[in-house]
Each structure stands twice: as structure tokens, then as C-alpha cells.
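# Okay, predicted coordinates and the sequence, questions at the end:
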Amino acid sequence: MTPARYDVTLDRVGGPTRTIEVDEDETVLEASRRSGVSLPYGCRTGACGTCVGRLLAIEGAESGDDTTDADGTPIDVAEAFAYRREPRALKPRHRDDGYVLLCIASPRANSRVAVGSRVQSELVDNPWK
């Protein structure tokens, strides 16, 4: 049986937007590398947070603001992605805010995700700024 395939649009803040096809049994990071799309990553185990993205929309449910869809319903990352393992770099409040670790996340729906250093800096304060 052929695995399902989903479109994941990687919306780089201040940069290009690319849509990649991701099999349900591969991670977004694996698919991006296969497609020649560069994403930051570090540990590849969900521990460091370097690969973090922020879910902007699930197909059919565009975002109304940072935490809700157009109808005001909270966007649930679990509707768009399944994790291979526990996303240790994310606290529950980060998951509630739509952050997703792309090195261990496999899609379950077509989605749009903000990626890049600005998203990472939303998650973790940089003490060197």
C-alpha cells in the first residue's frame, strides 16, 4: 500500500515559500532534504528545537490570528502532524501555540508552516542579541 502524501508549504519569514510533498511515513525534514529545500536542524531527535516551525494553517482552516482558525477555533497541531517521538524541546504552551518540530513530525493533512530563524527566536530568547 502506498503511503498517503501531503503538501506542506514552508513559509520562510522574509524569504521564499516552497511547497513540498511529504509521505505520511517521513518527516518534513526528510522530505525537505529529498526535495533540495534547506531547513535548519540539529539533533534530529526533537530535543534541541533548531528545526521548529509554527503551524499557520491546515487545509480548509486558514488562521484567524496566531492561535485560531478563521472561525476562532484553536488550531491543533495534532490535526496536521504526528510525532515519531516525544517533542522534548517543546513545552505544552508551545504546542498549544502551534509550534511543531519538523525533524520528527510527519504530516496528516495539507498544511502551511512558518519556518526559519525568526520562528526559532519566537520560541527561545537569544541571549546574544
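Yep, that arrived.
# Which residue ranges of this structure form helices?
28-35, 77-80, 92-96, 117-123 (DSSP state H).
# Need those helices in JSON lines (columns: mean pLDDT).
Formatted as JSON lines, the helices of the chain follow (pLDDT from 0 to 100):
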{"stretch": "helix 28-35", "mean pLDDT": "98"}
{"stretch": "helix 77-80", "mean pLDDT": "92"}
{"stretch": "helix 92-96", "mean pLDDT": "92"}
{"stretch": "helix 117-123", "mean pLDDT": "87"}
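# TSV for these, including distance to Val22 and mean neighbour count?
Just so you know, the C-beta spots here come from the backbone N, C-alpha and C atoms, and that holds for glycine as well. Below are these laid out as TSV (distance: least, CB to CB, whole Å; neighbours: other CB atoms under 10 Å):
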stretch	distance to Val22	mean neighbour count
helix 28-35	4	19
helix 77-80	11	18
helix 92-96	20	13
helix 117-123	18	16
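# between those, which one is nearest to Gly49?
Nearest of these to Gly49, taken as CB to CB: helix 117-123 at 6.1 Å.
# who does that closest one touch, helix- and strand-wise?
strand 52-58 (3 or more CB pairs under 8 Å, 6 or more residues apart in numbering; DSSP states H and E).
# any idea of the mean pLDDT for the strand it packs on?
Throughout strand 52-58, pLDDT has a mean value of 94.
# residues in contact with that strand?
10-11, 28, 63, 69, 75, 77, 79-81, 89-90, 97-102, 109-115, 119-120, 122-123 (CB atoms under 8 Å, 6 or more residues apart in numbering).
# and those, which are buried?
By the neighbour-count criterion of 16 or more other CB atoms under 10 Å, the contacts of strand 52-58 include these buried positions: 10-11, 28, 63, 69, 75, 77, 80-81, 89-90, 97-102, 109-115, 119-120, 122-123.
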